[in-house]
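> structure here, sequence nowhere to be found:
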């Protein structure tokens, strides 16, 4: 679908859709802030690198949501909008790559040292909540993004999809560790996350994230 063709023609229509988009970004900021704090604190206490990585990813999503909120608040011409969106994609891409390097380093260290994280029921609850909430948030963002003609918002919605994938991987690792005592499941789950994180980072730096959504944009 060509997202740009769906841009509302009337200013009032755009303003209404922009307000809806802002509300979704406020929800994203609030949810991911709580999710990130919960995952980080639980991961540090339990020694779970996959939980820590998941928490850091939540704050990366907050950064993206803040950028989208700013763009929805500032009326600018199309050229300026696209320039700002490309710049933000590069910032988020760099964060993703830094996160992937961190996750690999700590996960490999834990495997070599045979570090066993404690069982984390709280972590399992956080992963389950994200697995339910993120697809719903993503669907709403994609709908508004297409109506606004914003490839950046559609790309931002993909981060919610990405969070859902990570929560599923995280959940499997935590459950295996809690039920079967497989200490290696946690760092292995973190390593499984890494290529997904790195791919998103590289694509964002190259401006490809928007293209994979079916939008015209950075080329």
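Sure thing, it's come through. What you see is a predicted model, and the numbers here were worked out from it, not measured in a lab.

> neighbours of residue 206, how many?
13 (other CB atoms under 10 Å). For every residue, glycine as well, the C-beta is placed using N, CA and C.

> without its sequence neighbours, what residue ends up closest to it?
Closest residue to residue 206 apart from its sequence neighbours, by CB to CB, 6 or more residues apart in numbering: residue 93 at 7.9 Å.

> counting contacts, what elements does the helix or strand harbouring that neighbour pack onto?
In the assignment (DSSP states H and E), residue 93 maps to helix 78-113. Packing partners of helix 78-113 (3 or more CB pairs under 8 Å, 6 or more residues apart in numbering; DSSP states H and E): helix 49-73, helix 151-180, helix 185-205.

> between the helix or strand just after it and helix 151-180, how many degrees?
Using DSSP H and E, the next helix or strand after helix 78-113 towards the C-terminus is helix 121-148. For helix 121-148 against helix 151-180, the angle by axes from the mean of the first three to the mean of the last three CA atoms, to 10 degrees is 160 degrees.

> and helix 121-148, how far out from the chain's middle?
Here the centre of helix 121-148 is set off from its chain's centre by 10 Å, with CA atoms, centre = their mean, to the nearest Å.

> ok, back up a step: so the residue nearest to residue 206 sits right up against residue 197, yeah?
No - taking contacts as CB atoms under 8 Å, residue 93 lies outside contact range of residue 197: 10.5 Å.

> more crowded one of the two?
residue 197 (26 against 21).

> in space, what's closest to the more buried one - neighbours in sequence excluded?
In space, residue 197 is closest to residue 100, 4.3 Å off (CB to CB, 6+ apart).

> just residue 69 next, same as before
Nearest non-adjacent residue to residue 69 (CB to CB, 6+ apart): residue 25, at 4.3 Å.

> with residue 144 instead?
residue 21 (4.7 Å).

> that neighbour and residue 132, how far apart?
Distance, residue 21 to residue 132, using CB to CB, to the nearest Å: 22 Å.

> and what of residue 200?
22 Å.

> residue 99 too?
Using CB to CB, residue 99 is found at 23 Å from residue 132.

> quick revisit: now do the SS call for the residue nearest to residue 144.
Three-state assignment for residue 21 (DSSP: H, G, I helix; E, B strand; the rest coil): helix.

> shaky segments in the chain?
In the prediction, the chain carries residues with pLDDT under 70 at positions 1-12, 74-82, 84-85, 88, 116-117, 208-219.

> list the contacts for the residue nearest in space to the middle of it?
The chain has residue 159 as the residue nearest its centroid, 3.4 Å off, counting by CA atoms, centre = their mean. Applying CB atoms under 8 Å, 6 or more residues apart in numbering to residue 159 gives the contacts 60-61, 64, 92, 200.

> do that again at 6 Å, thanks
61, 64 (CB atoms under 6 Å, 6 or more residues apart in numbering).

> quick one on the thing from earlier: which residues does the residue nearest to residue 69 contact?
Residue 25 neighbours (CB under 6 Å, 6+ apart): 65, 68-69.

> now for residue 148: which residues touch it?
residue 17.

> any idea how far it lies from residue 171?
33 Å.

> now the helix holding residue 93 against helix 49-73, angle please.
Using the same axes, to 10 degrees: helix 78-113 against helix 49-73 is 170 degrees.

> next, the angle helix 185-205 makes with helix 78-113.
With the same axes, to 10 degrees as the basis, helix 78-113 and helix 185-205 are set at 160 degrees to each other.
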